[in-house]
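>>> Sequence first, then the predicted structure:
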Amino acid sequence: MTVTYVIEGSRVTGLEQFWTVIGEAVNGPGGYFGRNLDALADCLGGGMGTPDDGDFAFEWRDHTSSARALGHEETARYLRQSLSRAHPTNRASVQQRLDEALAGRGPTLFDLIVAILADGATPGTLLLS
């Protein structure tokens, strides 16, 4: 039987709040399900609260609200922070993505998270409502 985790998109006001919302959706109050994009992808592999057989889905309610909160402005904020920690050989790439976000172009955090959820779960198990 498929377990469906509900992401309440209206509660997502930024990236930090997204980590709280998805953690609670999967593992209850105070729950963890990643605190960065790589950790989210790792959590989808199992052992972090989802069924071992991989029979789970995500329903992202009010995803348009989340898309706004995780849009280009929040993406630029995230990339600014990433730039300060980036390896010198990666700074030009991060700066280019930051410039794109500041111009309102390129993938947003919402786009990246949706891609991770869609790629890491069974096809068809991410419902945006």
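That came through, no problem.
>>> Okay, and the residue nearest to the spatial centre of the chain sits in which element?
The centroid of the chain falls nearest to residue 113 when counting by C-alpha atoms, centre = their mean (3.3 Å). Counting by DSSP states H and E, the element that carries residue 113 is helix 109-120.
>>> What's the mean pLDDT across that helix?
What helix 109-120 shows for mean pLDDT is 92.
>>> can you list contacts of that helix?
Helix 109-120 has contacts (C-beta atoms under 8 Å, 6 or more residues apart in numbering) with 15, 18, 37, 40-41, 44-45, 58, 60, 63, 66-67, 69-71, 74-75, 78, 107, 126, 128. C-beta here means a position set from N, CA and C on the backbone, and glycine is covered the same way.
>>> Buried residues, stretch 73-87. List them.
By 16 or more other C-beta atoms under 10 Å, the buried positions in stretch 73-87 come out as 73, 74, 75, 76, 78, 79, 82.
>>> The second one and residue 16 touch, don't they?
No - here residue 74 lies out of contact with residue 16, judged by C-beta atoms under 8 Å, at a distance of 9.7 Å.
>>> Please parse the chain into its domains.
1-71+108-129, 72-107 (automatic domain parsing).
>>> Do a quick rundown of the helices in this protein.
15-27, 37-43, 63-69, 72-85, 91-102, 109-120 (DSSP state H).
>>> among the domains of the chain, which is the most enclosed?
Burial of the domains of the chain is given as mean neighbour count (mean count of other C-beta atoms under 10 Å); domain 1-71+108-129 ranks first at a mean of 17.
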